[in-house]
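Novice: Provide a 3D model corresponding to the input given below.
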Amino acid sequence: MKSRLVVLLLMAVVVSLTSGRSLQADSTEIWNTGNVTSISHNNFPQIKGNYLVWQGRGGLEIATSGSSDWEIFYIDIDNKVVIQLTDDDYDDISPQTDGDYVVWQKHDTSRSNQVFLYKIGENLPGGSMISNNDSKDNYSPRIAAGRVVWTSQRVAHTVEPGEIMLYDAKNLSGPNPISDNTLDSSSPRINSETVIWVQSDGNGAAALFMFDLTSENPAPEAAPEGYVWPDSLQTDGGLTVLTRHDGSDREIVVYNNYSRSYEQITDNDFEDSYPCISGNSVACKSSIAWVQGRGKATEIFLVALLDVDNDGIPHERDACPCQDSSGFDADSDGCIDTLSGLTGVVETLVTEGVIEQALQSSLLAKVENAEKSVDKENICAAVDKLEALKKEVNAQRGKKISDDAADLVVKYADNVITSLLDQLPPGESC
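Specialist: From the prediction side, this is the model:
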């Protein structure tokens with residue numbers, strides 16, 4: 001078996017795979033439609049955080065396994081580097097990632113189907129096998145928070161009941177069965193707290209079972225009636241990606257829960273399908289991937305979203321990318337205006353020379369006194385201090401303060417006052 005790590009800059013892949021091709025997307029204020037990029041001639045994408053994984057036939061230019069079997073690829077969305085994880089003569093399929101690890105299923109003719117794991121940026125090329133080296137088939141792995149689940153089943157002259165296996169990559173423990181080995185189990189799903197799977201009740205009927213990963217002594221138990229799995233590869237926060245037929249083919253659209261509206265991402269003459277979405281919860285940015293059919297070939301496309309919180313501030317300029325600051329953002333930094341922010345605005349305007357230095361101490365003293373009143377839970381006193389600040393600014397408008405600077409400070413103070421008044425008990429006012 002051959003195995004190597006293949007790394008290539010994404011831009012090189014773009015040149016070789018998209019020559020003479022184009023992808024059009026709707027021009028909107030929300031979506032980063034200018035950076036839609038074809039990254040692979042492959043299939044079954046899945047994203048988590050900054051990483052996109054997929055399977056494809058063949059490989060990058062320096063791969064050696066040819067084009068007849070499936071290999072596993074991933075890309076760091078930020079640095080645009082494509083990495084080929086497998087380069088062998090077996091089919092590597094069903095990749096999944098939790099943003100730290102990649103797992104997949106390998107059909108090795110000498111060992112049936114086995115599950116392999118790769119720690120992003122650390123492990124050896126090809127990953128390591130985490131399923132038991134026995135004659136059982138192991139398939140459809142899923143991963144979350146460093147834990148992997150899959151179905152293990154012996155298939156020979158007869159088919160034995162499937163078992164759900166659990167492996168902890170962070171603690172290097174397992175794999176251990178977590179289902180009843182006398183009843184057939186399959187289709188596991190996992191998140192940071194729970195494993196679920198479909199299990200036979202012994203009479204041919206199917207039931208949903210659960211395994212609580214947060215429990216000190218977890219044990220399989222029947223799921224509550226009407227239980228719905230909360231996670232989906234097509235939903236991230238307030239965004240859901242899906243396909244719609246436009247009369248000639250399927251296109252990718254996103255439902256934005258913030259604006260309660262649909263945005264069309266693609267507009268072309270190809271079939272766009274299998275969309276998935278995931279966000280980086282720390283940076284509060286999302287990416288969408290999907291498969292585009294081009295006759296017998298398929299391409300994977302990726303687009304990053306510009307303004308996830310829908311406040312009109314592009315992600316690269318948004319100091320609070322997870323916060324919708326619409327209507328309360330006088331300085332357009334993407335953050336809701338606050339008392340501490342007002343101090344920074346005044347200091348910046350003095351530095352820029354649009355407020356004379358002689359006024360700085362007086363203006364900042366009023367903001368400081370307003371903060372002290374808030375600390376004492378005296379909201380009305382804080383509002384009075386800010387009204388005094390506005391009066392001073394307007395009195396010096398066109399004299400020691402430029403008109404634009406005065407407009408900014410007054411609007412900022414008004415936003416803070418509105419926020420403070422919202423803190424008053426119902427029925428009270430200043």
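
Novice: quick one: average pLDDT of stretch 397-416?
Specialist: The average pLDDT for stretch 397-416 rounds to 96.

Novice: quick check: phi and psi at Leu349.
Specialist: The phi/psi pair for Leu349 (degrees, to the nearest 10) reads phi -70, psi -30.

Novice: domain parsing of this protein, as residue ranges.
Specialist: 6-304, 337-421 (automatic domain parsing).

Novice: out of those domains, flag the one nearest Cys430.
Specialist: domain 337-421 (3.9 Å; Cβ to Cβ). From N, CA and C alone the C-beta is placed, and that goes for glycine too.

Novice: first-to-last residue distance for that closest one?
Specialist: Chord length of domain 337-421, first to last residue, is 14 Å (Cα to Cα, to the nearest Å).

Novice: as a markdown table, the domains of the chain with mean neighbour count and distance to Pro321 would be great.
Specialist: Output for the domains of the chain, formatted as a markdown table (neighbours: other Cβ atoms under 10 Å; distance: least, Cβ to Cβ, whole Å):
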| stretch | mean neighbour count | distance to Pro321 |
| --- | --- | --- |
| domain 6-304 | 17 | 4 |
| domain 337-421 | 17 | 16 |
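
Novice: in the stretch 1-150 of the chain, which spans are helices?
Specialist: Along the stretch 1-150 of the chain, the segments classed as helices by DSSP state H, counting those that start in this stretch run 10-17.

Novice: give the residue spans of it that score low on pLDDT.
Specialist: Within the stretch 1-150 of the chain, the set of residues satisfying pLDDT under 70 comprises 1-40, 123.

Novice: residues touching whichever strand or helix holds Val367, excluding its own?
Specialist: Following DSSP states H and E, one finds Val367 within helix 357-375. Outside helix 357-375, the residues within contact range by Cβ atoms under 8 Å, 6 or more residues apart in numbering are 339-340, 342-343, 346-347, 350, 355, 379, 381-383, 385-386, 388-389, 392-393, 396, 400-401, 409, 420.

Novice: just these: which are in helices?
Specialist: 339-340, 342-343, 346-347, 350, 379, 381-383, 385-386, 388-389, 392-393, 409, 420 (DSSP state H).

Novice: would you confirm that Tyr167 contacts Ile178?
Specialist: No - using Cβ atoms under 8 Å, Tyr167 is not in contact with Ile178; the gap is 10.5 Å.

Novice: find me the pLDDT at Cys430, would you?
Specialist: 88.

Novice: scratch that, Gly204
Specialist: 75.

Novice: surely it is in a strand?
Specialist: No - counting by DSSP: H, G, I helix; E, B strand; the rest coil, Gly204 is not found in a strand; it is coil.
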